[in-house]
Structure formats: structure tokens, C-alpha cells
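Enquirer: Using only what follows, build the 3D model:
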Amino acid sequence: MRIVKIDRLIVALSIFSGLLVSLGRSTQVYPQQISGNGNLGFLPLMLLLLLFPIGIILVLKWIREAQLRFLSLIGLSISTMIYLVCGIIYQIEQFSQYQVLVKQQVIADRGTIDDGYLTSITSMPSPYMNSQYFNGNTFLIYWASILLMASLIAWWTREEWQISESDYKIARHDVTNE
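Expert: Numbering: from 1, shown residues only. Next up is the predicted model:
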């Protein structure tokens, strides 16, 4: 029964984090717009960072309640690592392609532009690039990171919780036999 509660909390957290990613994406401005407020996308980003350890704790509890075996933990860790590497490489490639696209659009709209301006609107903290920080792939990278951290922690501490669970089962078996 406890695993159902944990499942629901994980689903609720993933929906909420998906909404935060969508909110971050909606804060993107375009080169024709003036944004003097800084990057409002950092607000959902801060919330996502605060939710990260909560996600790890919930997934760790789910792994323990589901009593995943050693090979399952290894498989989960390896598969999430593979996705993280591929997802990050893909994200970097898409980011650089989008930088080139934005630079081309600005030059086409305004003619010759200062290279400093082009670099500033296509750099990492720029609100013009929010669609590259907040998208489906970064959402999946976020959750793959949570899964990887939780599976590594579960793997690292597996003897502790497996021993305590077996002691609990033995004690419970003794009580029910009396």
C-alpha cells in the first residue's frame, strides 16, 4: 500500500516539474522584444533545483519499497547514465544550432550587428535562449538525473536497507507465529 502513495507522489512531482519546465519555456523573449527584467526563467529553475533532492528521496523510497534487486539497480544506473550522456550531447548540439539560427535571424532583421550583442543574446543566461534550457529533453535529463542519483544511493546503501528489511521480516514472522 505504501508503494502506491509513493507512486502518486512521484507522479505529482513529475507533473509539477513538467509545469515548471513549461513555465520556464514560456518566459523566452525574441530579439524583436526588449527584456529589461532579466531572465524570469530562473525562477522555475530555482524551484526545480529545490525539488531535485525531494525527487531523489521519493524515488529512493520507491526503489526500497519495490525491493529492486542488485542487477536491477545496476541496469537502472547504466541505462540512465547512457541516456544522460546521449541527452546532454544532443542538448549541446541543439543549443549551438539554435544559437546560429538566432544570430542569423537578428542579422537578417537588423543588418550588421555588433558581435558582442549577438554573443550576449545567445549566451547561457540569456532569456532569448530559454526554449533551449526548458524543453522536453531537459525535463527527461532532469528526471534521469534523479533516477541515477537515487539508484546509485540505493546501490551504495543496499546492504543497510536490505539487512534492516530482512530483520523486520524475521521479527514480523516471529510475532505472527506466536
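Enquirer: use CA for all of it now, contacts and neighbours both
Expert: Noted.
Enquirer: Centroid-nearest residue for the protein?
Expert: Nearest residue to the geometric centre of the chain (C-alpha atoms, centre = their mean): residue 142, 1.0 Å.
Enquirer: Return the set of buried residues in the strand or helix carrying that residue.
Expert: Residue 142 is located in helix 136-156, with elements delineated by DSSP states H and E. Within helix 136-156, the residues that qualify as buried are 137-139, 141-152, 154-155, counting by 16 or more other C-alpha atoms under 10 Å.
Enquirer: just to revisit the earlier point, roughly how far apart are the residue nearest to the centre of the chain and residue 51?
Expert: Between residue 142 and residue 51 the computed distance is 11 Å (C-alpha to C-alpha, to the nearest Å).
Enquirer: can you give me the helices for the chain?
Expert: 2-26, 42-66, 70-110, 115-121, 130-133, 136-156, 158-177 (DSSP state H).
Enquirer: Of the ones you listed, which stretch is the most buried?
Expert: Of all the helices of the chain, helix 130-133 has the most neighbours on average by mean count of other C-alpha atoms under 10 Å, namely a mean of 21.
Enquirer: Quick check: which helices or strands does that helix pack against?
Expert: Counting contacts by 3 or more C-alpha pairs under 8 Å, 6 or more residues apart in numbering; DSSP states H and E, helix 130-133 is packed against helix 2-26, helix 70-110.
Enquirer: What are the contacting residues of it?
Expert: Here helix 130-133 makes contact (C-alpha atoms under 8 Å, 6 or more residues apart in numbering) with 24, 25, 26, 27, 28, 41, 91, 94, 95, 98.
Enquirer: show me what contacts the fourth one?
Expert: It refers to residue 27. Residue 27 is in contact with 39, 40, 41, 127, 130, counting by C-alpha under 8 Å, 6+ apart.
Enquirer: Including pLDDT and distance to residue 13, could these go into CSV?
Expert: Formatted as CSV, the contacts of residue 27 follow (pLDDT from 0 to 100; distance: C-alpha to C-alpha, whole Å):
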residue, pLDDT, distance to residue 13
39, 78, 24
40, 83, 22
41, 85, 19
127, 82, 25
130, 84, 22
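Enquirer: Most widely separated two among the residues you listed?
Expert: Greatest spacing in those, by C-alpha to C-alpha: 40 and 130 (9.4 Å).
Enquirer: where do the contact lists of these two overlap?
Expert: 24, 27.
Enquirer: quick one: contacts for residue 87?
Expert: Contacts of residue 87 (C-alpha under 8 Å, 6+ apart): 137, 138, 141.
Enquirer: And these, which is closest to residue 17?
Expert: Distances from residue 17 to the contacts of residue 87, taken as C-alpha to C-alpha, are shortest for residue 138 (11.1 Å).
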